[in-house]
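1. could you look at this predicted model? Sequence included:
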2 protein chains.
Amino acid sequence: MSLIVEKYGGTSVGTVERINAVADKVAAARARGDDMVVVVSAMSGETNRLLALADEINANAPARELDVLLSTGEQVTIALLSMAMLRRGLDARSYTGGQVRIRTDSVHGRARILAIDDVRVRHDLARGRVVVVAGFQGVDDDQNITTLGRGGSDTTAVAMAAALKADECRIYTDVDGVYTADPRVVPEARRLNRITAEEMLELASLGAKVLQTRSVEFAGKYRVPLRVLSSFESGPGTLITCEDPDMEQPLISGIAFNRDEAKLTIRGVPDQPGVAYQILGPISDAHVNVDIILQNVGADGTTDLTFTVHRNDYQKCLGLLEQTASDLGAREVIGDDNIAKISVVGVGMRSHAGIATKMFQSLAEEGINIQMISTSEIKISVVVEDKYMELAVRTLHKAFDLETAPAA
Amino acid sequence: MSLIVEKYGGTSVGTVERINAVADKVAAARARGDDMVVVVSAMSGETNRLLALADEINANAPARELDVLLSTGEQVTIALLSMAMLRRGLDARSYTGGQVRIRTDSVHGRARILAIDDVRVRHDLARGRVVVVAGFQGVDDDQNITTLGRGGSDTTAVAMAAALKADECRIYTDVDGVYTADPRVVPEARRLNRITAEEMLELASLGAKVLQTRSVEFAGKYRVPLRVLSSFESGPGTLITCEDPDMEQPLISGIAFNRDEAKLTIRGVPDQPGVAYQILGPISDAHVNVDIILQNVGADGTTDLTFTVHRNDYQKCLGLLEQTASDLGAREVIGDDNIAKISVVGVGMRSHAGIATKMFQSLAEEGINIQMISTSEIKISVVVEDKYMELAVRTLHKAFDLETAPAA
């Protein structure tokens, strides 16, 4: 008998029929003898409906009251799902975030979970009850309702699993697992049976939108076995594990890519201590996140610095950088928002040389010029002209033989 | 500077425009310097929408989960109304029943308020904040969400006013006050400037549906000055007071009536101790509420007993009574569901003889036969054939001169 935490997103509980289907699935798990905690999101469309109401009343709606409003979405789902379970003869009980209680900080709209009180949930589980928990929400120390931000239900599920030391946390979504690459771009892309949390984090932050990043961080930190699987099809999904050194690791797990970034370069900056800070300080003061940063030392006592930001921030950053260039006496500012970033990710590359070489060679053979390179322990990213993105992804997918499942 | 608790029902907050109108009204009251607590219901239609969802999933939906579901309705309204106030520069803060906290018993669907913790509300009022409270809901000692039953928002408002020792509790509805009779039946009916809580209770329980009975009981018990007024028109409404012996009381305050009841008679029952219990026991075991009960002693050692029940329970009671008649050896059972009940209500009748005589005489002059009579300290009710209901009400309204306002 295992203790399983399952999470169903908005699409999976978007209609009465789908809520009934979730209840059937949970009833089957109970029949197998597992203890079940089910975390749910608001029915799809509900959050947007509530946001539209708020927007009509106050375009600059205060975060505290937005949280009071939005948290009703999951509250409706927990009640309906519990009713569906009770109708099937399952003893079920719903809890809002506040009732559990899921304690968060007071940052409305993107609160972080501080602690989970598991007393009531354990009490119910011990009595054979299915516990249904509202995702995405908690309360601060003054009992104010908080929300964790979009996708926060994943975090709720992983945090509940961590608090309860669950045997597995299952995130049901509209995809059947994590793929070696987006199948819309690479038809040969293959579902991974397992991936490490570290790899998943790199893939998620690079544009694979299967799971919310924070939930994967949480799973890694508290060593919660996390499985992503489809609400609509049966199948084992993808297990996101803490790294297992005994396991035969493929070199590369997957390829992530996006066209969301833009590149800015400031050239001929007098090379002196603190120059990177002087250039990037105004950018971060404007609340812009910088992704890749590269600095080359030039020969003439000047330096060039290049960085990427989200495309939405491109024009703003260009203006800020022009000002900085003038202040510092830099030679010029160059911007480019026709770029794509492609990353190969895999914990296997730690112990294998030659991954980078193979990557650069494959791209060169297709005539794709690499504009920037950035590496981490388990990831190599390149920036290329955006029109080459799909070609580059398919080329790398083939080069690293990702369409072939590793030997078991 | 006064402390005012206002309550707006579902129609008064049924659209974004109406929520904005409520915010304007409260802003005006704040500008006059009053401290404001605002209790709101779910937007009209919302409770029915949620009930329909529940019904689709589980026709026999469990009361605990229904409360979790339905309580979201008011939670949406408190958030939206607070947003509307904040947009107007008012400092406002929303509270669910659980956040206040409004402690109730655990009878889901019709919980009773046990206590209200006024610390947070007073704290906010002292800081000049408008406090917006979700009506209709509370929490029990285990933090389960409870609801007070339909119309429970009135009770929340009066209970908040009692806890805060407010100067006045104002219930905004879609009528502009309490009338001497339903104006749809008696066009000359007049809005009362004041009425006692006792009278209001008799009128409410007899079919005048302006306020929930429990809220009036509460107001009477805790001596909360309660005012009923229109959300849509300005006007003083009707003040529901604790009885003021110095006040010049009109004899009769109003006339209530309904066609909701049916009459059952069991005749020729051997007259012996315990017979009323034997007849009415099975009725109450079937969870049927009995209204009027009359027993006449016959001459031949038998007795007749007549009682009224809600029309929905008529057929059920007829079956039960036939069985009882056979068990007791009674002569016959007679039923009649073509009846109407008409009641004149007024605290003034305590000190005046002749009210009953005048009532019976006026009906007799119109040829209306009285089938049953029942009296209490401040009320006389008669049962007549239902086709005479409107005529009887208009006749009594005129006989007691209710269309004329009493001298100030």
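-> Structure's in. What do you need? Numbering: from 1, shown residues only, chains lettered A, B, ... in the order given.

2. so where is chain A shaky, pLDDT-wise?
-> A:205-209, A:243-249, A:299, A:407-408 (pLDDT under 70).

3. put the alpha carbons of stretch A:398-408 into CSV.
-> The C-alpha atoms that make up stretch A:398-408 are tabulated as CSV, following Å, rounded to 0.1, in the frame of the first residue of the first chain:
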residue,chain,number,x,y,z
LYS,A,398,19.2,13.1,-34.9
ALA,A,399,22.9,13.7,-34.0
PHE,A,400,22.4,12.6,-30.4
ASP,A,401,20.2,9.7,-31.5
LEU,A,402,17.4,10.8,-29.3
GLU,A,403,14.7,9.0,-31.4
THR,A,404,16.1,5.7,-30.2
ALA,A,405,15.2,4.5,-26.8
PRO,A,406,18.2,3.6,-24.7
ALA,A,407,18.8,-0.1,-23.9
ALA,A,408,16.9,-1.1,-20.8
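
4. what angle do the lengthiest helix in chain A and helix B:63-87 make?
-> Selection of the longest helix in chain A by residue count, based on DSSP state H, yields helix A:63-87. Here helix A:63-87 runs at an angle of 170 degrees relative to helix B:63-87 (axes from the mean of the first three to the mean of the last three C-alpha atoms, to 10 degrees).

5. so helix A:63-87, near chain B or not?
-> Yes: using C-beta under 8 Å from any C-beta of the partner chain, helix A:63-87 reaches chain B at A:64-66, A:68-69, A:71-72, A:75-76, A:78-80, A:82-84, A:86-87. All C-beta spots, glycine's among them, are computed from the backbone N, C-alpha and C.

6. check stretch A:107-118 too.
-> No: if you take C-beta under 8 Å from any C-beta as the test, stretch A:107-118 misses chain B, and the best it gets is 10.9 Å.

7. now do that stretch: everything it contacts.
-> Identification of contacts with stretch A:107-118 by C-beta atoms under 8 Å, 6 or more residues apart in numbering or on different chains yields A:63-64, A:66-67, A:100-105, A:138, A:140, A:144, A:146-149, A:155-156, A:159-160, A:162-164.

8. redo that, cut-off 6 Å
-> Applying C-beta atoms under 6 Å, 6 or more residues apart in numbering or on different chains, the contact partners of stretch A:107-118 are A:63-64, A:67, A:101-105, A:146, A:148-149, A:159, A:163-164.

9. mind checking which of these are buried?
-> Among the contacts of stretch A:107-118, the ones that count as buried by 16 or more other C-beta atoms under 10 Å in any protein chain shown are A:64, A:67, A:101-104, A:146, A:148-149, A:159, A:163-164.

10. so which of the residues you listed sit within strands?
-> A:102-104, A:146 (DSSP state E).

11. please, which helix or strand holds the closest residue to A:Val16 other than its chain neighbours?
-> Nearest residue to A:Val16, sequence neighbours excluded (C-beta to C-beta, 6 or more residues apart in numbering or on different chains): B:Glu56, at 4.8 Å. Applying DSSP states H and E as the criterion places B:Glu56 in helix B:46-57.

12. any idea which helix or strand carries the residue nearest to A:Pro406 when sequence neighbours are not counted?
-> Distances taken as C-beta to C-beta, 6+ apart place A:Pro250 nearest to A:Pro406, at 4.8 Å, with adjacent residues excluded. Of the helices and strands defined by DSSP H and E, none includes A:Pro250.

13. please report how far A:Pro250 lies from A:Ile145.
-> 44 Å (C-beta to C-beta, to the nearest Å).

14. check A:His397 too.
-> Taking C-beta to C-beta, one finds A:His397 at 45 Å from A:Ile145.

15. give me the more crowded residue out of those two.
-> Using other C-beta atoms under 10 Å in any protein chain shown as the criterion, A:His397 and A:Ile145 rank with A:Ile145 on top: 30 against 24.

16. report the contact partners of A:Ser94.
-> A:78-79, A:82, A:132, B:65, B:68.

17. could these be laid out in CSV, adding distance to B:Asp337 and neighbour count?
-> Putting the contacts of A:Ser94 into CSV (distance: C-beta to C-beta, whole Å; neighbours: other C-beta atoms under 10 Å in any protein chain shown) gives the following:
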residue, distance to B:Asp337, neighbour count
A:Ile78, 43, 28
A:Ala79, 38, 30
A:Ser82, 40, 31
A:Val132, 45, 30
B:Glu65, 36, 27
B:Val68, 38, 28
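
18. ok, so of those residues, who is nearest B:Gln212?
-> B:Gln212 lies nearest to B:Val68 out of the contacts of A:Ser94, by C-beta to C-beta, at 22.0 Å.

19. how many neighbours does the residue nearest to A:Pro406 have?
-> Using other C-beta under 10 Å, A:Pro250 has 21 neighbouring residues.

20. that one and A:Thr404 touch, don't they?
-> No: in terms of C-beta atoms under 6 Å, A:Pro250 does not count as a neighbour of A:Thr404; the distance is 9.5 Å.

21. coming back round to it: so can I have a markdown table of the contacts of A:Ser94 showing distance to B:Val38?
-> Putting those into a markdown table (distance: C-beta to C-beta, whole Å) gives the following:
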| residue | distance to B:Val38 |
| --- | --- |
| A:Ile78 | 28 |
| A:Ala79 | 26 |
| A:Ser82 | 31 |
| A:Val132 | 32 |
| B:Glu65 | 28 |
| B:Val68 | 24 |
